[in-house]
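1. got a predicted model here, sequence first, then my questions.
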Amino acid sequence: MDIREGLRTVVGLMSGTSMDGIDAALLRTDGRDRVEALAFLTIPYDDGFRAALRGCLGGIGPVEAVERALTDAHADAVGRLLHQAGAAARDIDLIGFHGHTILHDPDNPDPGRRRTWQIGDGARLAAATGIAVVDDFRSADVAAGGQGAPLVPLFHRALAHGLPRPLAVLNIGGVANVSWIGPEPAEGEEAEGRGEAGVVACDTGPGNAPIDDWVLRHGLGRFDADGALAAAGRVDGPALAALMAHPYFDRPAPKSLDRDAFDPAPVAGLSAADGAATLTAFTASSVARVVPHLPAPPVRWLVCGGGRRNSTLMRMLADRLGVPVDPADLVGWDGDALEAQAFGYLAVRSRLGLPLSLPATTGVPAPTCGGAFHVPGPNI
Ligand SMILES: Nc1ncnc2c1ncn2[C@@H]1O[C@H](COP(=O)(O)OP(=O)(O)OP(=O)(O)O)[C@@H](O)[C@H]1O
Ligand SMILES: CC(=O)N[C@H]1[C@@H]2OC[C@@H](O2)[C@@H](O)[C@@H]1O[C@H](C)C(=O)O
């Protein structure tokens with residue numbers, strides 16, 4: 001593929017930490033400041049596959065077999081997305097394939113064990129779809145000394161033109177992460193060349209994962225639909241204080257988390273509703289706790305990811321942040337599609353040799369590109 005200037009038609013694929021399914025987005029982008037969303041779909045995992053994926057967390061279990069099945073499910077998602085959009089494989093320049101994170105340990109004191117691991121076989125996906133694939137977006141950043149996450153901030157910055165600054169874009173998936181986007185570059189100032197002053201990022205703390213796990217354990221479904229269970233409960237102050245005592249919240253940005261970084265023991269004795277309320281407050285309080293770590297308080301928060309559908313969580317966020325907190329859809333973004341779109345955008349950046357991460361987004365010592373490239377070939 002000749003990928004130099006101009007818009008490319010790409011597919012972005014994300015399997016997020018909530019393990020709900022595959023998000024697939026079709027977009028056109030130049031990997032810089034132009035993004036046109038074209039189509040999006042989610043293919044939910046069935047309970048059996050979700051359990052298999054859960055069994056691989058930590059890098060254990062039948063990882064290779066699950067990786068093959070995951071890759072084939074992504075190939076199926078690409079086929080369905082193209083069918084929905086009336087497009088063919090030959091119309092697509094590139095796929096950005098995030099894969100599924102089964103281990104994220106960029107801070108291991110033993111440098112030999114410092115790693116991040118996304119399963120997903122890019123060569124197999126390229127062979128199955130006939131489309132070139134970029135995968136393994138995070139390893140280069142971790143190898144260079146960064147957190148390897150979050151990687152969406154440069155995409156958020158690309159979308160944020162014209163919105164009031166400082167702006168916070170908050171993704172509430174299994175884990176929650178924020179992109180702080182500072183003042184617009186001055187007229188004529190090249191976005192790529194203006195260093196890193198424009199964006200700061202980190203994982204804020206838990207997102208939906210502890211709430212999902214709690215609801216599942218109580219046999220009340222896979223998630224707290226609209227936050228109804230939490231709304232029926234009472235936040236337990238001591239339990240919330242115990243959860244917020246975790247040293248992660250004192251660490252400056254950039255910083256990142258694995259899915260199961262927090263021990264929910266403080267809520268163990270609570271009723272289902274009080275536990276849900278307390279864990280929901282935990283997510284909201286940990287977002288508010290990040291504000292002192294940002295260069296200046298955001299004037300507005302735009303929320304994407306499944307957590308924006310939890311109105312109890314959105315209310316708790318608004319109470320704690322004291323400025324407008326809105327679903328990102330309110331400014332015309334698709335709050336479900338952003339992460340998948342981001343990995344299509346980052347795939348183009350990878351091919352252009354542009355940074356995927358900056359010192360202020362992952363703590364990497366210098367702006368760093370990344371990703372591994374696979375061209376279609378025989379599936380061996
Ligand atoms: N109607 C709803 N009410 C409450 N919560 C919801 C609703 N719909 C989705 N969610 C929550 O959103 C989660 C899925 O969010 P999302 O797809 O953004 O996560 P992800 O992309 O897998 O995670 P990450 O961003 O950490 O990689 C579900 O697990 C659930 O907790
Ligand atoms: C290691 C990993 O997969 N991290 C995910 C996870 O899910 C949300 C948060 O934790 C974020 O850091 C990241 O995903 C988004 C897409 C990112 O890299 O920006």
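-> Noted; the coordinates are in hand. Ligands and ions are numbered 1, 2, ... in the order given.
2. gap between stretch 89-102 and the chain center?
-> 15 Å (Cα atoms, centre = their mean, to the nearest Å).
3. tell me the buried residues in that stretch?
-> Judged by neighbour count (16 or more other Cβ atoms under 10 Å), stretch 89-102 contains these buried residues: 92-102. Heads up, the C-betas are built off the backbone N, CA and C, glycines and all.
4. return the subset of those residues lying in helices.
-> Members of the buried residues of stretch 89-102 lying in helices (criterion: DSSP state H): none.
5. residues in contact with Gly79?
-> Residues near Gly79 by Cβ atoms under 8 Å, 6 or more residues apart in numbering: Thr129.
6. ok but it is inside a strand, no?
-> No: under DSSP: H, G, I helix; E, B strand; the rest coil, Gly79 sits outside any strand and is assigned helix.
7. roughly how far apart are it and Ile92?
-> Note on Gly79: its distance to Ile92, by Cβ to Cβ, to the nearest Å, is 11 Å.
8. any idea how many residues pack against Ala261?
-> Using other Cβ atoms under 10 Å, Ala261 is surrounded by 16 other residues.
9. on that earlier part again, which members of the buried residues of stretch 89-102 additionally contact ligand 2?
-> Filtering those for neighbours of ligand 2 using Cβ under 6 Å from any ligand atom leaves Thr101.
10. let's have the buried residues of stretch 89-102 in JSON lines, adding distance to Asp274 and pLDDT.
-> Shown next, in JSON lines, are the buried residues of stretch 89-102 (distance: Cβ to Cβ, whole Å; pLDDT from 0 to 100):
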{"residue": "Ile92", "distance to Asp274": "49", "pLDDT": "98"}
{"residue": "Asp93", "distance to Asp274": "51", "pLDDT": "98"}
{"residue": "Leu94", "distance to Asp274": "48", "pLDDT": "98"}
{"residue": "Ile95", "distance to Asp274": "44", "pLDDT": "98"}
{"residue": "Gly96", "distance to Asp274": "41", "pLDDT": "99"}
{"residue": "Phe97", "distance to Asp274": "41", "pLDDT": "99"}
{"residue": "His98", "distance to Asp274": "35", "pLDDT": "98"}
{"residue": "Gly99", "distance to Asp274": "37", "pLDDT": "98"}
{"residue": "His100", "distance to Asp274": "32", "pLDDT": "98"}
{"residue": "Thr101", "distance to Asp274": "31", "pLDDT": "98"}
{"residue": "Ile102", "distance to Asp274": "32", "pLDDT": "98"}
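11. apart from its neighbours in sequence, what residue is nearest the residue nearest the centre of the chain?
-> Ranked by distance to the mean C-alpha position of the chain (Cα atoms, centre = their mean), the top residue is Glu339 at 5.5 Å. Using Cβ to Cβ, 6 or more residues apart in numbering and skipping residues adjacent in sequence, the residue nearest Glu339 is Met14, 4.5 Å away.
12. that neighbour: neighbour count?
-> 26.
13. and the host helix or strand of it, what does it pack onto?
-> If you go by DSSP states H and E, Met14 is part of strand 8-15. In terms of contacts (3 or more Cβ pairs under 8 Å, 6 or more residues apart in numbering; DSSP states H and E), strand 8-15 is packed against strand 21-29, helix 63-85, strand 94-105, helix 338-352.
14. gap between Ile172 and ligand 2?
-> From Ile172 across to ligand 2, the span is 9 Å (Cβ to the nearest ligand atom, to the nearest Å).
15. picking up where we left off before, the buried residues of stretch 89-102: which two are farthest apart?
-> The span of the buried residues of stretch 89-102, defined through Cβ to Cβ, is set by Asp93 and Ile102 at 28.7 Å.
16. spell out which residues of the chain are next to ligand 2.
-> Counting by Cβ under 6 Å from any ligand atom, the chain comes close to ligand 2 at 16-17, 101, 104, 116, 149-152, 171, 173-175, 177, 203, 256, 339.
17. narrow these to those that are buried.
-> Applying 16+ other Cβ under 10 Å to those, the neighbour count classes 16-17, 101, 104, 116, 149-152, 171, 173-175, 177, 203, 256, 339 as buried.
18. filter the residues you listed by proximity to ligand 1?
-> Among those, the residues lying close to ligand 1 (Cβ under 6 Å from any ligand atom) are 16-17, 171, 173-175, 339.
19. tell me which stretches of the stretch 251-380 of the chain form strands.
-> Taking DSSP state E, counting those that start in this stretch as the criterion, the stretch 251-380 of the chain carries its strands at 300-304, 325-327, 372-374.
20. next, the buried residues of the last one.
-> Taking 16+ other Cβ under 10 Å as the basis for neighbour counts, the residues of strand 372-374 that come out buried are 373-374.
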